[in-house]
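Engineer: The sequence isn't on hand, but the structure is:
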């Protein structure tokens with residue numbers, strides 16, 4: 001049976017090794033193709049790595065926005081699933097997401113979003129195995145507002161930069 005998990009992000013622990021991108025693309029695409037990975041690592045400033053994936057918002061704005069009902073929420077994992085046959089690659093889901101998480105797949109142009117690997121996320125396994133724990137899975141807690149984690153990567157990066165380098169460091173960037 002699928003379990004309901006949520007992937008916690010600890011941005012300060014991310015080294016930018018991109019093992020998560022590699023294993024995600026291997027799992028979903030069958031080869032190493034980071035551009036098609038459902039988890040992304042952004043480095044908008046030197047030394048600031050932002051791990052970026054679906055936050056599983058309580059109200060799922062991407063799912064609600066889809067004009068052709070190509071997106072749905074898995075009842076077991078609560079992950080967003082994409083029906084690639086129905087998806088028209090219109091990009092409305094990308095625009096609706098407060099974290100700018102969905103992206104149009106570089107191969108077929110269809111929406112792509114983390115599906116939590118059926119409740120056993122491969123990205124989490126490699127991150128924990130490496131000892132970084134920048135991402136790790138927890139059993140979902142009802143009182144967590146996951147939408148707080150649905151933020152664009154540049155916004156998250158600014159917060160990380162201030163944490164690491166202070167306000168003066170951000171001015172330089």
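Structural biologist: Received, thanks. Computed from a predicted model, the values in this text were never measured in an experiment.
Engineer: can we go C-alpha only for contacts and neighbour counts from here?
Structural biologist: OK.
Engineer: Buried residues of the helix or strand residue 160 falls within, list them for me.
Structural biologist: Element membership of residue 160, judged by DSSP states H and E, is helix 153-172. For helix 153-172, burial by neighbour count (16 or more other CA atoms under 10 Å) applies to 153, 156-161, 170.
Engineer: do stretch 93-106 as well
Structural biologist: Applying 16+ other CA under 10 Å to stretch 93-106 flags 93-105 as buried.
Engineer: can you give me the end-to-end distance of it?
Structural biologist: 16 Å (CA to CA, to the nearest Å).
Engineer: Kindly report the same for stretch 6-21.
Structural biologist: Rule used - CA to CA; the end-to-end distance of stretch 6-21 is 18 Å.
Engineer: Pull the most distant pair out of the buried residues of stretch 93-106.
Structural biologist: Within the buried residues of stretch 93-106, two members stand farthest from each other by CA to CA: 98 and 105, at 18.9 Å.
Engineer: Turn the buried residues of helix 153-172 into CSV, columns for pLDDT and distance to residue 135.
Structural biologist: Formatted as CSV, those follow (pLDDT from 0 to 100; distance: CA to CA, whole Å):
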residue, pLDDT, distance to residue 135
153, 91, 15
156, 90, 15
157, 91, 16
158, 90, 19
159, 90, 18
160, 89, 15
161, 87, 19
170, 58, 25
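Engineer: Look up the closest residue to the residue nearest the centre of the chain, ignoring the ones flanking it.
Structural biologist: Central residue of the chain (CA atoms, centre = their mean): residue 53, 0.6 Å from the mean position. Closest residue to residue 53 apart from its sequence neighbours, by CA to CA, 6 or more residues apart in numbering: residue 39 at 4.9 Å.
Engineer: Next, count neighbours for the one you found.
Structural biologist: When neighbours are counted by other CA atoms under 10 Å, residue 39 registers 25.
Engineer: repeat for residue 147
Structural biologist: Count around residue 147 with other CA under 10 Å applied: 17.
Engineer: can you check residue 90 too?
Structural biologist: Neighbours around residue 90, by other CA under 10 Å: 15.
Engineer: next one: phi and psi at it?
Structural biologist: Phi and psi for residue 90, reported as degrees, to the nearest 10, are phi -80, psi -20.
Engineer: got a pLDDT number for it?
Structural biologist: Per-residue pLDDT puts residue 90 at 98.
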